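Q: Please work out how this folds:
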Amino acid sequence: MLVLDRLRAFLESERDLGDALSRFDLDASAVRSAMAKASQLVEGWANLSPIKLRELVSTIVETITVDDESVVALLKPTEVAIALLGYKCEPVTRLPGVIELTIDAKLRRAGKGIRLVVGGGVVDKPDGQMVALLRDAHASRDALMSGRDETIDAMSQRLGINRDILSVQMRLTYLAPDIVRALVLGRPAEGLTPVGLLSLCKDLPHDWLLQRTALGLETR
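A: Below is the predicted model:
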């Protein structure tokens, strides 16, 4: 899930995507076309089927490594260009042969085991209701990504859960990391409850800055 979130952020960043495309001899029209395709992918990210997401990751991700300080995904530039343009482009610069996406995630001991902590330390007094809501949301997305159900509609029918509820839960999993920390730490916008969060997330923007505005959060 961490890699999917980081990949989405990469496609959403014009600067990062521009740097990746600079490896190729593309005219302005081709670059605009690639940017537009990336924007379409980001806008429809929450509705992509598990099969489509797996295909995308297996096609453009070369390796994923985890160490004590981070998770690193290496992307194949040529495959990224093909995914966005629909045709093969040969690199023409001496930039590195892969695109490196880094996720700040540390391995921490938890009792007798080890867990992955993303973007910060352990929470002392988490908001139990928000934690449960976000946990359930990620569990729903993990279940969909497992491939047991090809679509969210099929999953809805199997579980007997309203499709709209599942859809909103999926949107919760795309909240900006600092928003998640604020919610878990019990620092939501004044009066924002789990029920209110679900209601607001029906129209949750993909852009992290717009998410903060929509939820009334000042998290930075």
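
Q: Domain-wise, how is this structure divided?
A: According to automatic domain parsing, the chain comprises the domains 2-107, 128-215.

Q: Let me have those in CSV, extended by mean pLDDT and mean neighbour count.
A: In short, each C-beta sits where N, CA and C put it, glycine included. Below are these laid out as CSV (pLDDT from 0 to 100; neighbours: other CB atoms under 10 Å):
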stretch, mean pLDDT, mean neighbour count
domain 2-107, 81, 15
domain 128-215, 80, 16
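
Q: Please go through the chain and pick out the longest helix.
A: Using DSSP state H, we find that the single longest helix of the chain is helix 128-145.

Q: Doesn't residue 72 belong to a strand?
A: Yes. Remark: residue 72 belongs to a strand, assigned using DSSP: H, G, I helix; E, B strand; the rest coil.

Q: what's near enough to touch it?
A: By CB atoms under 8 Å, 6 or more residues apart in numbering, the contact set of residue 72 is 64-66, 100-103.

Q: let's go with 7 Å and repeat that
A: By CB atoms under 7 Å, 6 or more residues apart in numbering, residue 72 lies in contact with 65, 100, 102.

Q: Serialize these to CSV and add fields for secondary structure and distance to residue 12.
A: CSV is the format used below for the contacts of residue 72 (DSSP: H, G, I helix; E, B strand; the rest coil; distance: CB to CB, whole Å):
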residue, secondary structure, distance to residue 12
65, strand, 23
100, strand, 17
102, strand, 16
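
Q: now, which of these sits nearest residue 76?
A: Nearest to residue 76 among the contacts of residue 72, counting by CB to CB, is residue 100 at 11.6 Å.

Q: quick one on the thing from earlier: give me the distance between the following helix or strand past the longest helix of the chain and the centre of its chain.
A: Downstream of helix 128-145, the next assigned helix or strand under DSSP states H and E is helix 152-159. Relative to its parent chain, helix 152-159 has a centroid offset of 22 Å by CA atoms, centre = their mean, to the nearest Å.

Q: Ok, stretch 6-22 next?
A: From the chain centre to the centre of stretch 6-22 is a distance of 13 Å (CA atoms, centre = their mean).

Q: Residue 97 - that's part of a helix, no?
A: No. Counting by three-state DSSP, residue 97 is not found in a helix; it is coil.

Q: can you map out the strands along the protein?
A: 61-66, 70-75, 99-110, 113-118 (DSSP state E).

Q: distance of the residue nearest to residue 14 when sequence neighbours are not counted from residue 16?
A: For residue 14, ignoring the flanking residues on the chain, the nearest one in space by CB to CB, 6 or more residues apart in numbering is residue 35 at 6.5 Å. For residue 35, the distance to residue 16 (CB to CB, to the nearest Å) stands at 11 Å.
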